[in-house]
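Trainee: Give me a 3D structure for the following:
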Amino acid sequence: MQKTIEKNVIIIGTGIHLGRPVRVNIKPAPTNHGIVFKRLDVDHNNSLIEANFKNILSGELCTSLVNKDGISVKTVEHLLAAFSGLGISNALVEIDNEEIPILDGSSMKFVKALIKAGICEQDESLNFCSVKKSIKVVNKNSWVKFEPADNLILTVCIDYPNTCIGKQNFSLMISKDSFQRELCDNRTFCLKKDIKDMRSRGFALGGSLDNAIVVDGYRVKNPNGLRRKDEFVRHKMLDALGDLALSGLPLLGHYMSFCAGHKLNNQLLIKLFSNHSNYEILVPNNLDSDKFVDHNLCSSSQNYRAVI
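Mentor: Numbering: from 1, shown residues only. All right, here's what the predicted structure looks like:
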């Protein structure tokens with residue numbers, strides 16, 4: 001079934017790239033509303049931005065969205081990962097600046113706030129998007145791909161030679177429990193040698209050791225170190241989950257990546273939906289059945305029928 005939150009959630013923080021203070025008010029929304037952002041700081045008739053791959057503006061260092069009138073919102077991936085991981089399909093996200101706050105650099109604080117507000121089922125079933133073909137996007141040595149699967153599975157590999165990160169692999173079947181247990185608290189990271197360049201280009205202006213892991217060669221600069229030995233690759237998976245939420249429907253498929261980022265994730269979604277033969281929309285066979293796949297409960301697509 002579709003889900004929303006029971007009451008408003010207020011979150012205050014700073015954007016990691018623009019470095020500006022921001023207040024977010026996440027509100028319950030009706031069925032079939034989806035996740036929609038609303039800019040409160042712009043004087044424009046159309047300040048709504050739908051969380052959909054069709055609205056992707058940029059994938060450089062973060063995922064940004066823009067509506068047809070040029071109103072944008074930046075760094076949406078961690079909040080979208082929280083919605084996706086908790087199975088929240090409908091919410092209105094009011095924001096008084098251009099960028100979602102970074103908080104601790106993960107999705108953990110979003111998750112805790114949403115759970116505290118309460119998550120409620122709505123009286124309409126939830127459709128799924130099932131990957132039907134192998135699809136791949138390559139950029140030099142980096143790549144992302146989808147393979148058909150009955151659940152949402154993510155497999156991520158990263159390689160940062162000559163650093164304490166090194167080569168890391170992680171694979172996870174996504175469920176509400178696995179998301180909270182294994183994924184939501186893994187923080188964003190950067191290499192110390194890249195910070196000056198990023199800031200010269202208007203990125204990481206709000207970054208600090210409080211909201212990002214900073215790697216200096218074979219050392220982690222953060223006083224408290226890592227939350228997990230493989231926190232780096234797990235964060236890349238968290239980013240991917242947030243990016244894939246822009247599909248507009250929960251996905252059934254196996255996502256795999258090597259040294260990929262937001263831009264390739266976004267291109268993969270665009271390629272997936274560029275041809276109807278790549279996917280099909282699944283709806284429940286029996287609206288009264290208790291056997292339906294919940295957004296984040298691993299299950300088989302056999303309880304669904306294809307409509308596309």
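Trainee: wait, isn't residue 256 in contact with residue 142?
Mentor: No - if you go by CB atoms under 8 Å, residue 256 and residue 142 don't touch, sitting 12.0 Å apart. For glycine as for every other residue, the C-beta is placed from the backbone atoms N, C-alpha and C.
Trainee: So those two - more neighbours on which side?
Mentor: The neighbour comparison of residue 256 against residue 142 (other CB atoms under 10 Å) goes to residue 256, with 19 against 16.
Trainee: Which stretches in the stretch 151-300 of the chain count as strands?
Mentor: 152-160, 166-173, 189-191, 213-216, 219-220, 251-258, 279-284 (DSSP state E, counting those that start in this stretch).
Trainee: Which pLDDT does the model give residue 43?
Mentor: Looking at residue 43, its pLDDT stands at 85.
Trainee: For the closest residue to residue 69 other than its chain neighbours, give its distance to residue 30.
Mentor: Using CB to CB, 6 or more residues apart in numbering and skipping residues adjacent in sequence, the residue nearest residue 69 is residue 46, 4.7 Å away. Going from residue 46 to residue 30 by CB to CB, to the nearest Å gives 20 Å.
Trainee: Point to the residue nearest the middle of this structure.
Mentor: Centroid-nearest residue in the chain, with CA atoms, centre = their mean: residue 242, separated by 0.7 Å.
Trainee: ok now do that one, which residues does it touch?
Mentor: Neighbour list for residue 242: 63, 76, 77, 78, 79, 80, 81, 84, 107 [criterion: CB atoms under 8 Å, 6 or more residues apart in numbering].
Trainee: and the strands of the stretch 151-300 of the chain, which one is worst for confidence?
Mentor: With a mean of 92, strand 279-284 has the lowest mean pLDDT of the strands of the stretch 151-300 of the chain.
Trainee: buried stuff in that one?
Mentor: For strand 279-284, a neighbour-count test (16 or more other CB atoms under 10 Å) marks 279, 280, 282, 284 as buried.
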